[in-house]
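Colleague: Sequence and predicted structure are below.
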Amino acid sequence: MTSTPVTEIRSFTELDSVRGDLLDVYAVVRAPLLHLANYAISSFGERLDRHGSEAGFEAVLAYEGEHPVGYAYGNSIEDGDRYWQRTSPAPSKKYTTQPALALKEIGVSPHWRGMGVARRIHDTLLAARDERYVTLMVNEAAGEGKVHALYQTWGYEGIGYSQPSPASPRLTVMIRPTS
């Protein structure tokens with residue numbers, strides 16, 4: 001891995017102040033998939049607005065100057081949350097009896113991949129969280145399996161599957177301690 005370029009990492013707890021930057025960097029990160037309904041910018045915007053209004057929302061973005069080059073965001077989920085309800089098999093109570101951080105999205109512009117930017121964003125998001133666990137969903141086919149494998153190197157393990165919407169692919173639900 002090459003050394004990480006100098007980027008500024010910023011955290012936000014209010015969606016309004018960062019929504020435009022999230023949409024901009026999402027469009028670059030997901031450019032090859034934007035023609036698919038689940039990945040369309042309008043679909044992402046709807047999910048983003050919903051997630052941004054939920055408890056414990058936080059977004060972390062990496063910037064080169066004033067240009068966003070990567071992002072992650074998530075929010076707190078509790079037992080009974082639709083996130084857990086859609087996970088099959090049902091997750092162990094050890095994960096659901098306390099709030100968990102659901103990492104809803106993470107992405108880095110192609111030019112900045114392989115430089116540790118995603119890990120810096122990820123770790124910044126987790127650093128100040130009170131939740132004991134962090135969970136995410138990944139398409140095992142993403143990056144020809146490289147994304148799933150990367151999350152495993154970060155300590156995530158699979159606990160089930162989910163299909164959040166009819167337009168979504170089947171996703172692997174992964175989890176790890178926040179620290």
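Modeller: Now that the structure is in, tell me what you want to look at.
Colleague: Bridge partners for the spatially most central residue of the chain, pull those for me.
Modeller: With distances taken as Cα atoms, centre = their mean, the residue of the chain nearest its centroid is E105 (2.4 Å). Listed by DSSP bridges, the beta-bridge partners for E105 are Y73.
Colleague: can you list the weak-confidence ranges in this structure?
Modeller: Scanning the chain with the threshold set as pLDDT under 70 gives 1-6.
Colleague: Show the contacting residues for the residue nearest to the centre of the chain.
Modeller: 26, 44, 48, 71-74 (Cβ atoms under 8 Å, 6 or more residues apart in numbering). The way it works is simple: take the backbone N, C-alpha and C, and place the C-beta from them, glycine included.
Colleague: one more time with 7 Å, if that's ok
Modeller: Residues in contact with E105 (Cβ atoms under 7 Å, 6 or more residues apart in numbering) are 71-73.
Colleague: Likewise for T178?
Modeller: By Cβ under 7 Å, 6+ apart, T178 lies in contact with 101, 126, 129, 131-134.
Colleague: if we go to 6 Å?
Modeller: By Cβ atoms under 6 Å, 6 or more residues apart in numbering, the contact set of T178 is 126, 129, 131, 134.
Colleague: will you turn the residues you listed into JSON lines that also has distance to Y156 and neighbour count?
Modeller: Shown next, in JSON lines, are the contacts of T178 (distance: Cβ to Cβ, whole Å; neighbours: other Cβ atoms under 10 Å):
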{"residue": "L126", "distance to Y156": "12", "neighbour count": "21"}
{"residue": "R129", "distance to Y156": "15", "neighbour count": "18"}
{"residue": "E131", "distance to Y156": "15", "neighbour count": "20"}
{"residue": "V134", "distance to Y156": "8", "neighbour count": "23"}
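Colleague: Next, work out how far apart the residue nearest to the centre of the chain and G70 are.
Modeller: Noted for E105: a distance of 11 Å to G70, by Cβ to Cβ, to the nearest Å.
Colleague: Tell me which strands the stretch of helix or strand S11 belongs to pairs with, and in which orientation.
Modeller: Using DSSP states H and E, the element containing S11 is strand 8-12. Here strand 8-12 is paired, per DSSP bridges, with strand 58-64 (antiparallel).
Colleague: All set, thanks.
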